[in-house]
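Asker: the following block contains a protein sequence and its predicted model.
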Amino acid sequence: MKAAVLTEYRAPLSVQDLPDPVCPEDGVVLEVLACGVCRSDWHAWTGTDPDIVLPHVPGHEYCGIVVETGARVTRWSPGDRVIAPFILACGQCPACQSGNQTTCPTQVVPGFTVAGAFAERIAVAHADVNLTRLPASMDPALAAALGCRVTTAWHALTGRAALKPGEWLAVWGT
């Protein structure tokens, strides 16, 4: 498969042929439909994120089509269009069970702790607890932002600001 690989910090990515990813027993392999670029990718590119070990495939805002499923996957089949979150939580630990998947101690973070979605295919761990169906009517380029940018804003509004249904919020500035 083709992938954009970070081989040197602050340098252009190199398009390379890499082996297809191995499907996790509890995961899937996706054919990437779209992948966003975000500020976190810039941190990886500049070398300021300690999780990045070169060479590395960035990309954490993605959606795709399931092309392979692991033996323990029950919710997904080849051909399903899905969206993945930035952080792939285990779904089993106390943090996950209490709704705090972003603090999962065994989280997998594509584009940071494992190869990301600046590639034709990506392996997605813990598929049954992380993936969400991508509506047929949703453009993949729009959907790719849902796993990071939209969920970050949602958490800021509902978690940090504790905004409740029916309440209003005004933002001044940019």
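Answerer: That came through, no problem.

Asker: wait, what's in contact with Ser14?
Answerer: 4-5, 7 (Cβ atoms under 8 Å, 6 or more residues apart in numbering). All C-beta atoms are positioned from the backbone trio N, CA, C, and that covers glycine.

Asker: angles on the backbone of it, please.
Answerer: phi -110, psi 120 (degrees, to the nearest 10).

Asker: that one and Gly159, how far apart?
Answerer: Applying Cβ to Cβ, to the nearest Å, the value for Ser14 to Gly159 is 38 Å.

Asker: same deal with Trp45?
Answerer: From Trp45 over to Gly159 (counting by Cβ to Cβ), the distance is 28 Å.

Asker: of the two, give the one with the bigger neighbour count.
Answerer: Between Trp45 and Gly159, counted using other Cβ atoms under 10 Å, Trp45 has the larger neighbour count: 20 against 12.

Asker: list the buried residues of the helix or strand harbouring the more buried one.
Answerer: Using DSSP states H and E, Trp45 maps to helix 39-46. Going by neighbour count (16 or more other Cβ atoms under 10 Å), the buried part of helix 39-46 is 40-41, 44-45.

Asker: for the residue lying closest to His60 once chain neighbours are set aside, give me its contacts.
Answerer: Leaving aside its sequence neighbours, His60 sits nearest to Gly111 (Cβ to Cβ, 6 or more residues apart in numbering; 3.6 Å). By Cβ under 8 Å, 6+ apart, the residues touching Gly111 are 40-41, 44, 57-60, 117-118.

Asker: cool, thanks, talk later.
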